[in-house]
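Student: Fold the following.
(one chain, ligands or ions: 2)
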Amino acid sequence: MQTDLLQEARRQAEICNACRYCEGYCSVFPALHAERAFSDGDLTQLANLCHNCRGCYYACQYTAPHEFDLNLPQALANVRQDSWEELAFPKAAGKAFQKNGLLIALATAIGFALLFWAAKALASQGGEGFYAVLSHNAMVAIFLPAFLFPLLSIGVSLRRYWHRVEARPLKLAHLVQAVREAANMKNLKGGHGDGCNFEDEDRFTHARRAVHQAVMYGFLLCFASTSVATVMHYALNMPAPYGLFSLPKLLGLTGGLLLVVGCFEMVRLKLRSERKLGASGAFGGEIAFVGLLGFVGLSGLVLYAMGQTAAMPSLLAIHLGAVLAFFLLMPFTKMAHGFYRLAALAADAQRKG
Ligand code: SF4
Ligand code: SF4
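Tutor: Ligands and ions are numbered 1, 2, ... in the order given. From the prediction side, this is the model:
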């Protein structure tokens, strides 16, 4: 990892450890105050516990022009971003995509092109609905590896993370606690429960927590929709297409709407926030990733709405192309932060005993 970023985070963590003003702000400070010296692993763990709410920056009496020049949200964001690049598997992909919005857009365009090619070259013989454009077998051949690869990649990265932060073997109780905290996003409420001032220095709101929940639950509902459809296809011999009031459609519609609204609001909040408090140079990559995720939801909804028209084959290729790019990029874009954060919460639960 980059030693200058670690050194700067260490300098600031040592000042915070002496100051202790922000004790109750978030889970970073109790973990920070438990240490006397900060190893690279400690700083990686603190960085991944931080969710960049910026509350400590706006409360701090030692920010510039004070000579201490405290900017803990950015110091931790830089270490966090660097850890995602370093721990990625393969590492070169993490370094290439994490901060590069242009490459993310290019990968998405390649996804579109690949699906248009597949629809033409692997045209279905006699399938129904979407399977008339691309056979079920062709879809499985494309998407099964695209689904398994990110799982493998993220699994390797989390294992590396666990070693980096020198955590002990994982216990189920710590994992359950981490999942519970991630599910209700408790830390995004701020230490006082009034939310955070991410988008506005003087105003605490729950907006960032709400949009994170919309995106996370929207994504999970879309995933549940695909999973239910898979069970219906293979276990119940009920192949697609499904009606509007079927479970896969209801889950997918609700999830798609949450995803689109959540991503739109997420971009709006990011555009209003102070960039100097986030990771240096990562803004383009973050916006491109949220844009891609929102586009996956939007293109899915448009496909639902226009699935019976002549535009369906093109819309299907565009939607599946975006989904393909999203899955393959998952370990190397901002999406990875959800997995690292879960690991950091589990390691923190272990620390607390
Ligand atoms: S961020 Fe500033 S006020 Fe908060 S603990 Fe650190 S030095 Fe103290
Ligand atoms: S930015 Fe928020 S989450 Fe991060 S250390 Fe400061 S108060 Fe904690």
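Student: For the stretch 51-200 of the chain, just list every one of the helices.
Tutor: Counting by DSSP state H, counting those that start in this stretch, one finds helices in the stretch 51-200 of the chain at the ranges 55-59, 72-87, 91-97, 101-121, 136-164, 172-184.
Student: and residue 305, which of those is closest to it?
Tutor: For these, proximity to residue 305 was assessed by Cβ to Cβ; helix 101-121 is nearest, at 19.2 Å. C-betas here are computed from N, CA, C, even on glycine.
Student: Run the angle between that closest one and helix 136-164 for me.
Tutor: 150 degrees (axes from the mean of the first three to the mean of the last three Cα atoms, to 10 degrees).
Student: could you give the mean pLDDT of helix 101-121?
Tutor: Mean pLDDT, helix 101-121: 81.
Student: Same question for stretch 159-171.
Tutor: Mean pLDDT, computed over stretch 159-171, is 96.
Student: first vs last residue of it, how far apart are they?
Tutor: Taking Cα to Cα, to the nearest Å, stretch 159-171 runs 14 Å from one end to the other.
Student: Contacts for it, please.
Tutor: 39-42, 44-45, 48, 83, 87, 89, 340, 343-344, 346-347, 350 (Cβ atoms under 8 Å, 6 or more residues apart in numbering).
Student: Stretch 268-286 now?
Tutor: 52, 54, 57, 71, 73-74, 77-78, 80-81, 97-102, 104, 198-201, 207-208, 211, 287, 290, 333-334.
Student: Kindly recompute the last result at 7 Å.
Tutor: By Cβ atoms under 7 Å, 6 or more residues apart in numbering, the list of residues contacting stretch 268-286 from outside reads 52, 54, 57, 71, 73-74, 77-78, 80-81, 97-101, 104, 198-199, 207-208, 211, 287, 333-334.
Student: Kindly identify which of these also come near ligand 2.
Tutor: 52, 54, 73 (Cβ under 6 Å from any ligand atom).
Student: For whatever residue of the stretch 151-300 of the chain ends up closest to ligand 1, which residues are in contact?
Tutor: Closest residue of the stretch 151-300 of the chain to ligand 1, Cβ to the nearest ligand atom: residue 191 (11.4 Å). Going by Cβ under 7 Å, 6+ apart, residue 191 touches 24, 25, 26.
Student: ok, back up a step: how about the helices of the stretch 51-200 of the chain, which one is nearest residue 31?
Tutor: helix 72-87 (11.5 Å).
Student: hang on, the earlier thing: return the member of the contacts of residue 191 nearest to residue 319.
Tutor: Of all the contacts of residue 191, residue 26 has the smallest distance to residue 319: 37.6 Å, by Cβ to Cβ.
Student: distance of the nearest residue to that closest one once chain neighbours are set aside from ligand 2?
Tutor: Ranked by Cβ to Cβ, 6 or more residues apart in numbering and with sequence neighbours excluded, the top spatial neighbour of residue 26 is residue 187, at 5.5 Å. Residue 187 sits at a distance of 7 Å from ligand 2 (criterion: Cβ to the nearest ligand atom, to the nearest Å).
Student: And for the residue lying closest to residue 153 once chain neighbours are set aside, the neighbour number?
Tutor: Nearest residue to residue 153 in three dimensions, chain neighbours excluded: residue 331, at 4.0 Å (Cβ to Cβ, 6+ apart). Number of residues near residue 331 (other Cβ atoms under 10 Å) recorded here: 26.
Student: Could you do residue 104 as well?
Tutor: By the measure other Cβ under 10 Å, the count of residues near residue 104 is 27.
Student: List the contacts of it.
Tutor: Contact analysis of residue 104 by Cβ under 7 Å, 6+ apart lists 97, 285, 288, 289, 292, 329, 333.
Student: repeat that with 8 Å
Tutor: Counting by Cβ under 8 Å, 6+ apart, residue 104 makes contact with 97, 285, 288, 289, 292, 325, 329, 333.
Student: Equivalent analysis for residue 62, please.
Tutor: 15, 19, 68, 69, 70.
Student: Quick check: residue 133 vs ligand 2, distance?
Tutor: Look at residue 133 and ligand 2: by Cβ to the nearest ligand atom, they are 46 Å apart.
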